[in-house]
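S.K.: I'll drop the sequence and a predicted model, then ask my questions.
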Amino acid sequence: MITKQKYFSKTSIALMLLGLTPFIAAIYYLQLYDFELGLAIFIHYSVIILSFIGAINWGRNYVEKSSEVFYLSVLPAMIAFSSFFFSFSNNLAVLAVGYFIAWLIDMFLLLKNKEFFMYLVIRTIITISVIYLHIYLM
């Protein structure tokens, strides 16, 4: 089963891990140089990535055209955008919750399809890492 994963490759793992790099670089920058600028970079990148995660489900739904999936795919972007209206640490909490909700949506949509098993494993590891980085900054 694992060897026949359609949506799992070394490239996908590398890209997911590279997606963590700006989060870590922003934390490094805010600790060593400028806290406010580093925090702004972290939050803005987080908003972009959370919105992108929702867009993935929007694209996946191109064939099925399920209205429920379209609504669910917009939810992460709405949570991400709303985080701009909260003050420091609260916006990090909103983003962390948004990542958790986006992960739940992926689990709900993809768990029944066994060909996504390894994608979901890697997605879970990355999501836990990103949520941890948000909590670390609170």
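M.R.: Good, I have the coordinates.
S.K.: CA atoms for contacts and neighbours, from now on please.
M.R.: Noted.
S.K.: next structured bit after the lengthiest helix in the chain?
M.R.: Taking DSSP state H as the criterion, the chain has its longest helix at helix 35-60. Sequence order places helix 67-82 as the next helix or strand after helix 35-60, per DSSP states H and E.
S.K.: about what we covered before: return the list of helices and strands in contact with the longest helix of the chain.
M.R.: helix 10-32, helix 67-82, helix 90-110 (3 or more CA pairs under 8 Å, 6 or more residues apart in numbering; DSSP states H and E).
S.K.: let's go with 6 Å and repeat that
M.R.: Using 3 or more CA pairs under 6 Å, 6 or more residues apart in numbering; DSSP states H and E as the contact test, the elements touching helix 35-60 are helix 10-32, helix 67-82.
S.K.: so for A25, what's the pLDDT?
M.R.: What the model reports for A25 is a pLDDT of 96.
S.K.: so what's the residue count around it?
M.R.: By other CA atoms under 10 Å, the residues close to A25 number 14.
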